[in-house]
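Peer 1: when you get a sec, could you give me coordinates for this:
(2 chains)
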Number of protein chains: 2
Amino acid sequence: MQVATFLHVDEAIQLAEKEKLAEQALSKHSVWLRGWVYRKRELKEKIFLVLRDVTGILQCVVLTDSEAWDNAQKLTIESSFEVKGKLKKDKRAPNGYELQVEQINIISIAEDFPIRKYQSTELLLDYRHLWLRSRKMTAILKIRHTVFQAIREFFISKGYYEFHAPIIVPRIAEEGPTLFEVKYFDKKAYLTQTWQLYAEAAIFALEKIFTIAPSFRAEKSRTPRHLTEYWHTEVEAAWLGLDEIMDVAEEMVKHVIARVLEKHKQELALLQRDTAELETALQKKWKRITYDEALKLLEQHGMKVKWGKDLRTLEIEKLTSLFDTPVFVTHFPKEIMAFYKPASKENPKVALCFDLLVRNVGELIGGSERDNDIEAMKKALKKAGENLDAYQFYFDTRRYGAVKHSGFGLGTERLIMWLCGLQHIRDAIAFPRTINRFYP
Amino acid sequence: MQVATFLHVDEAIQLAEKEKLAEQALSKHSVWLRGWVYRKRELKEKIFLVLRDVTGILQCVVLTDSEAWDNAQKLTIESSFEVKGKLKKDKRAPNGYELQVEQINIISIAEDFPIRKYQSTELLLDYRHLWLRSRKMTAILKIRHTVFQAIREFFISKGYYEFHAPIIVPRIAEEGPTLFEVKYFDKKAYLTQTWQLYAEAAIFALEKIFTIAPSFRAEKSRTPRHLTEYWHTEVEAAWLGLDEIMDVAEEMVKHVIARVLEKHKQELALLQRDTAELETALQKKWKRITYDEALKLLEQHGMKVKWGKDLRTLEIEKLTSLFDTPVFVTHFPKEIMAFYKPASKENPKVALCFDLLVRNVGELIGGSERDNDIEAMKKALKKAGENLDAYQFYFDTRRYGAVKHSGFGLGTERLIMWLCGLQHIRDAIAFPRTINRFYP
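Peer 2: Numbering: from 1, shown residues only, chains lettered A, B, ... in the order given. Below is the predicted model:
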């Protein structure tokens, strides 16, 4: 085994660059790489193999008189192999270099790879476990990695603690009919929709907390923006009010944008993401308008929304098209908001809440101050037909030293969808779960 | 509102230290703090209030002639309040300082707090949402935060990508009868037990990956080391073999130990954790013995285990008592191992696998190379009574460019349990799920 001596594509190119090779000249040193066959083209006197590894692709050229010729012939698409050769500058090669092959060790010959160009969406979902190897999915998964790290990095730099709420919960719902039921031994339990009720208990110990954890919605809607299982970035902070928690949301998303732009030029280019929108969002302060102002704006653009109705997809699309950055809409009608969003003291018809709306994605974040009025919350829950039993622990958080606090939830896949410019949210996650799919 | 001017306990003390106060002297400046009443003692001419915030506790002294006297009288345990005063060195105070109170603003008076000294375990679990505020639970939750960050920090520094496998899965099991069933619209799905099968597909794109994500076992065993829902640290790496993946495991756990020792002296002291065991584990190389060697050792200490049997709790306890660091046991009998653990070529009766055993906790990590032999795996699955349908995608990963790879899984709560020296794993997580509890 020569584990230590294998280079990744990016390392091999860095090495060649270091040697300051004259145009066309061969590297002095042979290097070993390993990976999978991404493309293959066979001519009479040459075989072009494109090697793929986690860092990128490299064109490898095998000549008829090379020892490697026979093995190169045997290699099929997605076969795994080790390859030794010298790097040579080549303007026509995808990344400026090609490898003049000296030796090939076959690791495993792949069967006929079932994914070809222009496959149906359904087939790509059936073969998702293989489709992850595509350059598109690999690029998205790398950006996804960075999004997760950047979110945590932001909160930790602000003194937040990472906290974990349970996934299996009693019947407590953000939206009642969309709970997944779990057979919990001889009882019925449910999959969590939000960490919020638990987080509100934990701020009395840790004050400012965040999580990125799975959340579940048994949504029957087949839209390009819904998953039944997604990773929910949630935040809860003692002492903060509505304006302050919006500051946190804006600063956090901007931090993620900055990190992704900084680390993923290559991947964003591969995804053909026009980054101008992201750069503008990074530079400008985001507008904050009230629900009432939003309704006026929509009316000016020919869309009449009755006061008291929630904004629908088309209206959100119109609204976001009027701004060149994400936009906050605040103070929605109290009546249509979740029970824990408090009425404004100045105008009890509206709640101290916000949505952050983003072009092509819709609602990216929803947040609010949290009500401390137990009776008002009980009333709202009863009206929504909820059984109050499972909420008793939640009311306790108001009985013992309540403080002003706020929080929000962000659909992490929606953020990834926006950053990557994806048409469908399912590509923001490796193995998407939707109403008619939980395989593979 | 004076949000910007409130100091946390630790900041207030730092400020006082900076002013280089002479013994007994008062700080020149008044400071504002806020938090909850942790303890209260009322004398004729003085009220002692201990303020608790996320950073610590601070004794606040209110004199009869102070403006704050009336409000101090009203405050009950766990009431929230703002307090203004001057810091004074005091040897008798818990952290060397006390606050001479000038003003108190009451935020919210707490009802009679239901948790007192010496409560039953069940009551503390019923009131878990309030018990989180205890200094013990807060200390554990802070260490938990650091454990999560340290694990990620380690893997990212080694070039691993964070990857997310689905929680809702078809019927694929590490241990068949312990699956939780989910009603997935009109179908039956299950909660994941391991990311492994999905991770093995993803290494073809990202090569080296890790996760920390919820995993579920419908364990009927009521032991102090089992949760039905826990956070599973999992790792999968292309190209690595058994010895190399054990190196990764050892280095990773050592990194976490180092970070916790470095950041949490105070919390470990509060938890009365003797850190000598952790320091020894950090300094020494951990022994690697085979299953056969483990059996010999046990026999020397009066415990006879029949070859082919798994090690039981008592035997693991004996074994770990013989070493002053965690110990790797490798090459367990192939027959009793999961289907994906490959037979050793030198001795097909044993598998290329390991357990990392730790005192008082038992199995902390289980890992192995992964079998690339589809037929051998099918045979093992059939023998275990599994339906092969849901495994087809998994076999595909062997059909298209298979490579040597290895991985492991670590019970994150077990690691926290060990680091904190906890008697029961339920205290390693905020809201534990066990066979008879999923509330609050």
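Peer 1: can the host helix or strand of residue A:47 be said to contact chain B?
Peer 2: For residue A:47, the host element (DSSP states H and E) is strand A:46-53. Yes: residues of strand A:46-53 contacting chain B under CB under 8 Å from any CB of the partner chain: residue A:53. Placement of C-beta: from N, CA and C, glycine included.
Peer 1: that strand pairs with which strands?
Peer 2: Applying DSSP bridges to the sheet, strand A:46-53 is found paired with strand A:26-42 (antiparallel), strand A:56-63 (antiparallel).
Peer 1: which pLDDT does the model give the residue located most distally from the centre of chain A?
Peer 2: Distance from the C-alpha centroid of chain A peaks at residue A:65, with 48.1 Å (CA atoms, centre = their mean). Residue A:65 carries a pLDDT value of 94.
Peer 1: same check on residue A:345?
Peer 2: pLDDT for residue A:345: 96.
Peer 1: which residues of chain A fall in helices?
Peer 2: A:9-18, A:69-74, A:121-126, A:128-131, A:135-157, A:196-206, A:242-263, A:265-270, A:276-283, A:291-300, A:313-321, A:374-383, A:392-399, A:412-420 (DSSP state H).
Peer 1: so for the first one, mean pLDDT?
Peer 2: Averaging pLDDT along helix A:9-18 yields 82.
Peer 1: ok, residues contacting that helix?
Peer 2: Residues outside helix A:9-18 that contact it (CB atoms under 8 Å, 6 or more residues apart in numbering or on different chains): A:7, A:27, A:29, A:31, A:33, A:35, A:51, A:53, A:55-58, A:87, A:89, A:95-97, A:99.
Peer 1: list only buried entries from those residues.
Peer 2: A:7, A:27, A:31, A:33, A:35, A:51, A:53, A:55-58, A:87, A:89, A:97, A:99 (16 or more other CB atoms under 10 Å in any protein chain shown).
Peer 1: return the item of those residues having minimum pLDDT.
Peer 2: On pLDDT alone, residue A:27 ranks lowest of the buried ones among the contacts of helix A:9-18, at 76.
Peer 1: not counting sequence-adjacent ones, nearest residue to that residue?
Peer 2: residue A:87 (4.3 Å; CB to CB, 6 or more residues apart in numbering or on different chains).
Peer 1: count of neighbours near the nearest residue to residue A:429 once chain neighbours are set aside?
Peer 2: Once flanking residues are discounted, residue A:429 sits nearest to residue A:413: 5.4 Å by CB to CB, 6+ apart. By other CB atoms under 10 Å in any protein chain shown, 26 other residues sit near residue A:413.
Peer 1: do I have it right that residue A:413 meets residue A:424?
Peer 2: No: judged on CB atoms under 8 Å, residue A:413 makes no contact with residue A:424 at a distance of 10.4 Å.
Peer 1: returning to that earlier point: so which of the strands paired with strand A:46-53 is nearest residue B:171?
Peer 2: Nearest to residue B:171 among those is strand A:26-42 (29.8 Å), distances taken as CB to CB.
Peer 1: quick one: buried residues of that closest one?
Peer 2: Residues A:26, A:27, A:31, A:32, A:33, A:34, A:35, A:36, A:37, A:38, A:40 are the ones in strand A:26-42 that count as buried (16+ other CB under 10 Å).
Peer 1: run the chain-centre distance for it.
Peer 2: The chain centroid and the centroid of strand A:26-42 are separated by 32 Å, computed with CA atoms, centre = their mean, to the nearest Å.
Peer 1: same question, stretch A:390-405
Peer 2: For stretch A:390-405, the separation from the chain centroid amounts to 32 Å (computed by CA atoms, centre = their mean).
Peer 1: which ones are touching residue A:222?
Peer 2: With contact set as CB under 8 Å, 6+ apart, residue A:222 has these partners: A:434, A:435.
Peer 1: for the residue nearest to residue A:27, list each beta-bridge partner.
Peer 2: Beta-bridge partners of residue A:87, as defined by DSSP bridges: residue A:99.
Peer 1: pipe the buried residues of strand A:26-42 into JSON lines and attach distance to residue A:306 per row.
Peer 2: Formatted as JSON lines, these follow (distance: CB to CB, whole Å):
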{"residue": "A:26", "distance to residue A:306": "73"}
{"residue": "A:27", "distance to residue A:306": "70"}
{"residue": "A:31", "distance to residue A:306": "68"}
{"residue": "A:32", "distance to residue A:306": "68"}
{"residue": "A:33", "distance to residue A:306": "63"}
{"residue": "A:34", "distance to residue A:306": "63"}
{"residue": "A:35", "distance to residue A:306": "59"}
{"residue": "A:36", "distance to residue A:306": "57"}
{"residue": "A:37", "distance to residue A:306": "60"}
{"residue": "A:38", "distance to residue A:306": "55"}
{"residue": "A:40", "distance to residue A:306": "61"}
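Peer 1: which of the residues you listed lies closest to chain B?
Peer 2: Of all the buried residues of strand A:26-42, residue A:36 has the smallest distance to chain B: 4.7 Å, by CB to the nearest CB.
Peer 1: could you report the neighbour count for residue A:43?
Peer 2: 8.
Peer 1: ok, residue A:285 next?
Peer 2: Counted with other CB under 10 Å, residue A:285 comes out at 8.
Peer 1: what does residue A:18 give?
Peer 2: Neighbour tally, residue A:18, other CB under 10 Å: 9.
Peer 1: any idea how far it lies from residue A:413?
Peer 2: 39 Å (CB to CB, to the nearest Å).
Peer 1: can you get me the start-to-end distance on stretch A:419-437?
Peer 2: In stretch A:419-437, first residue to last residue: 25 Å (CA to CA, to the nearest Å).
Peer 1: swap that for stretch A:63-79, sorry
Peer 2: 19 Å.
Peer 1: buried set for that stretch?
Peer 2: Using 16+ other CB under 10 Å as the test for burial, stretch A:63-79 gives A:66, A:68, A:69, A:71, A:72, A:75, A:77, A:78, A:79.
Peer 1: out of these, who's near chain B?
Peer 2: Applying CB under 8 Å from any CB to those, those adjacent to chain B are A:78, A:79.
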